[in-house]
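Q: Dropping a prediction and its sequence here:
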Amino acid sequence: MKPLLMIAICFIAANSFAAPPQPKPGVVTQKKMREVALVLVDYMNANGALQTQMNRTIDDQINAIREIPCAESSTSTVRTILERTLSFDAMRPALANVYVNNFNLAELEWMVNFYQTSLGKKLLNVQPALYDTMSTISAGRIKDAEPEISAAIRTATNNVQCQQQLQRR
């Protein structure tokens, strides 16, 4: 009986010093994915690239407001709201969620590792210029298409149904 009692005591003692129970794998993976995604987003904004994109969005919104009759006086207030709402710190969790929702943990870790390489660092450094160039190209193509766009809008707004809707307002 004594050997059995010793085994039981050893078993109880060993279990009392065992590591605490681990959370379910899905919880660990989601938490780890979020942590890695936040690191990824931080790398991507290391040179302010993401904040630069947010600032362009803010400028676009302010320019659109300036075209609204009598709204000019609101631009300062709206800019303050947008700067607070679209700051990198405010956007960081949502941006990380975009990556968590579209990539698995291994892919997120791969991207973080990539941005630590010389090529990844180069991409981060040239990315703002690439985005600027792409935006310029897009704007030019839209400008080239403006006559067709204007014609399509004129056709839509000059039809009988549209005119009737406008008269009912």
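A: Noted; the coordinates are in hand.
Q: ok, residues contacting the host helix or strand of residue 63?
A: Assessed by DSSP states H and E, residue 63 sits inside helix 49-66. Taking contacts as C-beta atoms under 8 Å, 6 or more residues apart in numbering, the residues outside helix 49-66 that touch it are 41, 44-45, 71-72, 74-75, 78-79, 82-83, 86-88, 91, 95, 124, 127-128, 131, 135. The way it works is simple: take the backbone N, C-alpha and C, and place the C-beta from them, glycine included.
Q: Filter these down to the buried ones and hand me the ChimeraX line.
A: Applying 16 or more other C-beta atoms under 10 Å to the contacts of helix 49-66, the buried members can be selected in ChimeraX as follows:
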select :41,44,45,82,86,88,91,95,124,127
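Q: For residue 151, the count of nearby residues, please.
A: Neighbour count for residue 151, taken as other C-beta atoms under 10 Å: 10.
Q: Remind me what the strand or helix carrying it packs against, helices and strands.
A: Assigned by DSSP H and E, residue 151 belongs to helix 118-157. Of the remaining helices and strands, those touching helix 118-157 by 3 or more C-beta pairs under 8 Å, 6 or more residues apart in numbering; DSSP states H and E are helix 25-44, helix 49-66, helix 105-115.
Q: go again using 6 Å as the cut-off
A: helix 49-66 (3 or more C-beta pairs under 6 Å, 6 or more residues apart in numbering; DSSP states H and E).
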